[in-house]
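1. Sequence unavailable; structure follows:
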């Protein structure tokens, strides 16, 4: 299985806490005005990478956790689900995922639900330019939530992530 990827950034600190390997995927249909990464909207952008290739990248940085971003990884949910399952099965890394969809929408879509079952933290919601706040950690606008997925699935509602 392949994932269309724009880039893989190692040791980034802006896509979640600590050092992270961030996989920037191609393709986003949200087209948020003011998006910081509009080149990621093109579903044919970047290059295809196998899940095995991406696992090599991820395992090559033993101290970094993982972030799925883009674009919107949920447009490639099946492939990202496979990658997330491999990460969880073969490493002790946490996974963050950024999406323009809302947590509540994701729960209603089976193809999205499989991915959400494998990740630890979800940053949800579209970027809204009028709500932009440069001082927010790990997100661009105040409507976007940082959600503890495990606790949220247990409680069947969005539970905010709390930095430990």
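-> Thanks, I have the structure now. Just so you know, these numbers come straight off a predicted model, no measurement behind them. Residues are numbered from 1 along each chain as shown.
2. List the contacts of residue 158.
-> 103, 104, 124, 145, 147, 152 (Cβ atoms under 8 Å, 6 or more residues apart in numbering). Every residue, glycine included, has its C-beta placed from N, CA and C.
3. again, only using 10 Å
-> 102-104, 107, 122, 124, 145-149, 151-152 (Cβ atoms under 10 Å, 6 or more residues apart in numbering).
4. In a markdown table, list those along with secondary structure and distance to residue 41.
-> As requested, these are arranged in a markdown table below (DSSP: H, G, I helix; E, B strand; the rest coil; distance: Cβ to Cβ, whole Å):
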| residue | secondary structure | distance to residue 41 |
| --- | --- | --- |
| 102 | coil | 19 |
| 103 | helix | 22 |
| 104 | helix | 24 |
| 107 | helix | 25 |
| 122 | strand | 21 |
| 124 | strand | 18 |
| 145 | strand | 22 |
| 146 | strand | 23 |
| 147 | strand | 24 |
| 148 | strand | 29 |
| 149 | helix | 25 |
| 151 | helix | 32 |
| 152 | helix | 28 |
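5. low pLDDT regions in this structure?
-> Where the chain drops to pLDDT under 70, the residues are 164.
6. what's the helix or strand for the residue nearest the centre of it?
-> Compute the mean C-alpha point of the chain, and by Cα atoms, centre = their mean the closest residue is residue 97, 2.0 Å away. Under the criterion of DSSP states H and E, residue 97 resides in strand 95-98.
7. helices and strands around that strand, which ones?
-> Helices and strands touching strand 95-98, by 3 or more Cβ pairs under 10 Å, 6 or more residues apart in numbering; DSSP states H and E, are strand 20-25, strand 65-69, helix 77-90, helix 110-116, strand 121-124, strand 145-148, helix 149-155.
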